[in-house]
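[1] Okay, here's the prediction I keep looking at, along with the sequence it came from:
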Amino acid sequence: MNTSSRRCSVIALGTFITLLGAASQAYDTGAADQDAAPSADLAGYTYGVNFGQQLARLGITNEIPIDSLARGLRDGLAGKTTTTEDTRIVMRFVKAMNADIYARNESAAKEFLARNAAEKGVKKTASGLQYKVIVPGNLKAPSPKPDGAVVVRYQGRLLDGTQFDSSHEEGGAQLALTGVIKGWQEALPIMKPGAKWQLFIPPDLAYADHFKPGIPSGSLLIFDVELVSIVPSPAPPTAQAQ
């Protein structure tokens, strides 16, 4: 199975599992009426909504005609299978669609950054990263090392305000600087513990032309980041006595 086929299978399977999980939880907690099963129409509609949400998270919105999707769904339920050529068609479409989405989002990012650079308090680095210091933090404390780890609280959203990620841990999330996107790798080593910054990360310092769940390719990312603390580095091993 190629990448596109696996991706479609994962989307459908993930949607189905999500629905099963929600139904199971409702059944276990007694939130649903256990004596009356929902109508097939309602169940089908809910499945469609969930499937649409999955596609939207991949950046697919109005690029695929709904009538074609419905026709394919009917044929698939009737037993039709796809061929190797069908798979190639999907792969070419996804590649072209992703390139178009990237171009639109990259253009929107450039326009925003040009305007945002003139906003009061916004600073810009040589790489194109923009940031605004909300709270400076402890200026006497050391900054994180580029290969170190930190505890942060954060919220990430797209240019249109859609939130795609946030730290759920009450005390913050622990992250290694070598494992985050380039924009964070540049910003965190110049922050101080207790600092709160707003980061405006260009696509090339984020995920560039790759898409992530909830993040279309070419997206500019806006983060509200609080550097809670620096994770202490482990002590070096001591030499054994001869």
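    Thanks, I have it.
[2] And stretch 49-67, end to end?
    One end of stretch 49-67 sits 15 Å from the other (C-alpha to C-alpha, to the nearest Å).
[3] distance between it and the chain's centre?
    16 Å (C-alpha atoms, centre = their mean, to the nearest Å).
[4] tell me the mean pLDDT over it?
    Regarding stretch 49-67, the rounded mean pLDDT is 78.
[5] where do the helices sit along the chain?
    3-29, 40-57, 66-77, 84-116, 182-187 (DSSP state H).
[6] Any buried residues in the second one, and which?
    Looking back up the chat, that one is helix 40-57. If you call a residue buried by 16 or more other C-beta atoms under 10 Å, then helix 40-57 has these buried ones: 47, 50, 51, 54, 55, 57. From N, CA and C alone the C-beta is placed, and that goes for glycine too.
[7] Equivalent analysis for the longest one, please.
    Counting neighbours by 16+ other C-beta under 10 Å, one finds that the buried residues in helix 84-116 are 87, 90, 94, 97-98, 101-102, 105-106, 108-109, 112-113.
[8] Centre of the chain to that helix, how far?
    The answer for helix 84-116 is 16 Å, by C-alpha atoms, centre = their mean.
[9] between that helix and helix 66-77, how big is the angle?
    Interaxial angle, helix 84-116 versus helix 66-77 (axes from the mean of the first three to the mean of the last three C-alpha atoms, to 10 degrees): 140 degrees.
[10] Who are the packing partners of helix 84-116?
    With contacts taken as 3 or more C-beta pairs under 8 Å, 6 or more residues apart in numbering; DSSP states H and E, helix 84-116 sits against helix 3-29, strand 196-201.
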